[in-house]
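1. coordinates only, sequence not included:
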């Protein structure tokens, strides 16, 4: 085990804490750790991320279910659609993206850089929604949306993005459940963790067909991340919904800026 692997495995704890505390952030942290610190090729890193985040989230979701912080109607409507969308994207759409993509003025960007930049741009959009203060007239409890069709449409869109970037999608699922389905923040987190667990592991099943998985790396990272999940859930119990929204938003924003700066710096655009 080299120095970069030791640092990467240590940082896996933060990825788990993020999942447990905010119902998101596992992939936001896991993918950059795997790519920038452990030097794993980005497309393969997204596959690893699906297994790591899915398994860690599955472990944490058991506790959320016991605490009745999971809305199963939303898991079914939103989750089923997003799961199918992730599997389709990982199995059929992602392999169609060429290794190099032509931009304006005859410039080109690699597939790996393209995926990471899309990842960061979507994160920026999600973070702005959570950071922006909610209007006073919507702070009161609203009726929770459980209708299958609108939830399924949202799930398909989220699954498409999550499958493309190899993320569990919590950084999009949580804001959607809070602002669209009107779930309280902590229930949105619990529901998100359950959806992420199912969706990520099914998405990973598609990658098993086309990727050569280095299981020693994946399993160690997953074990450390799972420990972090339980730490994060304990911390979340001590924080208000409003503060959790703010923490979530600023965290996603910081990671998005970091990834964009790294990719702009590292991308090899040629003319």
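-> Done, it's in. No experiment lies behind these values; they were computed from the predicted model shown.
2. mean confidence score for stretch 200-207?
-> Stretch 200-207 carries an average pLDDT of 78.
3. can you give me the offset of it from its chain's centre?
-> Stretch 200-207 has its C-alpha centroid displaced from the chain centroid by 14 Å (Cα atoms, centre = their mean, to the nearest Å).
4. Check which residues of stretch 55-65 are buried.
-> For stretch 55-65, burial by neighbour count (16 or more other Cβ atoms under 10 Å) applies to 55-61, 63-64. To be clear about C-beta, it is placed using only N, CA and C from the backbone, and glycine gets the same treatment.
5. Pull the distance from the strand or helix carrying residue 265 to the chain's centre.
-> Per DSSP states H and E: residue 265 is located in helix 241-266. Centre-to-centre, helix 241-266 and its host chain are 12 Å apart (Cα atoms, centre = their mean).
6. count of neighbours near the closest residue to residue 61 other than its chain neighbours?
-> Distances taken as Cβ to Cβ, 6 or more residues apart in numbering place residue 194 nearest to residue 61, at 4.3 Å, with adjacent residues excluded. Using other Cβ atoms under 10 Å, residue 194 has 25 neighbouring residues.
7. For residue 194, give its distance to residue 112.
-> Using Cβ to Cβ, to the nearest Å, residue 194 is found at 30 Å from residue 112.
8. same question, residue 147
-> 39 Å.
9. Also residue 2?
-> Distance from residue 2 to residue 112, by Cβ to Cβ: 22 Å.
10. The two: who's more crowded?
-> Taking other Cβ under 10 Å, residue 2 and residue 112 do not tie; residue 112 has more neighbours (19 against 9).
11. Am I right that that one sits in a helix?
-> Yes - with DSSP: H, G, I helix; E, B strand; the rest coil as the criterion, residue 112 is part of a helix.
12. That one reaches residue 42, doesn't it?
-> Yes - using Cβ atoms under 8 Å, residue 112 is in contact with residue 42, at 3.9 Å.
13. Spell out which residues are contacts of both of the two.
-> Residues touching both residue 112 and residue 42 (Cβ atoms under 8 Å, 6 or more residues apart in numbering): none.
14. Give the buried residues for the strand or helix carrying the residue nearest to residue 61.
-> Counting by DSSP H and E, the element that carries residue 194 is helix 185-210. Neighbour-count burial for helix 185-210 flags 185-204, 206-207 (criterion: 16+ other Cβ under 10 Å).
15. The following helix or strand past that helix packs against which elements?
-> Next in sequence after helix 185-210, counting helices and strands by DSSP H and E, comes helix 215-236. Secondary-structure packing of helix 215-236 (3 or more Cβ pairs under 8 Å, 6 or more residues apart in numbering; DSSP states H and E): helix 3-22, helix 26-32, helix 42-66.
16. 7 Å instead, please
-> Packing partners of helix 215-236 (3 or more Cβ pairs under 7 Å, 6 or more residues apart in numbering; DSSP states H and E): helix 3-22, helix 42-66.
17. Quick check: buried residues in that helix?
-> Neighbour-count burial for helix 215-236 [16+ other Cβ under 10 Å]: 217-218, 220-222, 224-229, 232-233, 236.
18. mind showing which ranges of this protein have poor pLDDT?
-> Along the chain, the model assigns pLDDT under 70 to residues 25, 104-105, 133-142, 166-169, 210, 266-271.
19. ok, now with 50
-> Scanning the chain with the threshold set as pLDDT under 50 gives 137-140, 269-271.
20. so what secondary structure elements neighbour the strand or helix carrying residue 128?
-> Here residue 128, judged by DSSP H and E, is contained in helix 111-131. Secondary-structure packing of helix 111-131 (3+ Cβ pairs under 7 Å, 6+ apart): helix 42-66, strand 100-102, helix 148-165, helix 170-179, helix 241-266.
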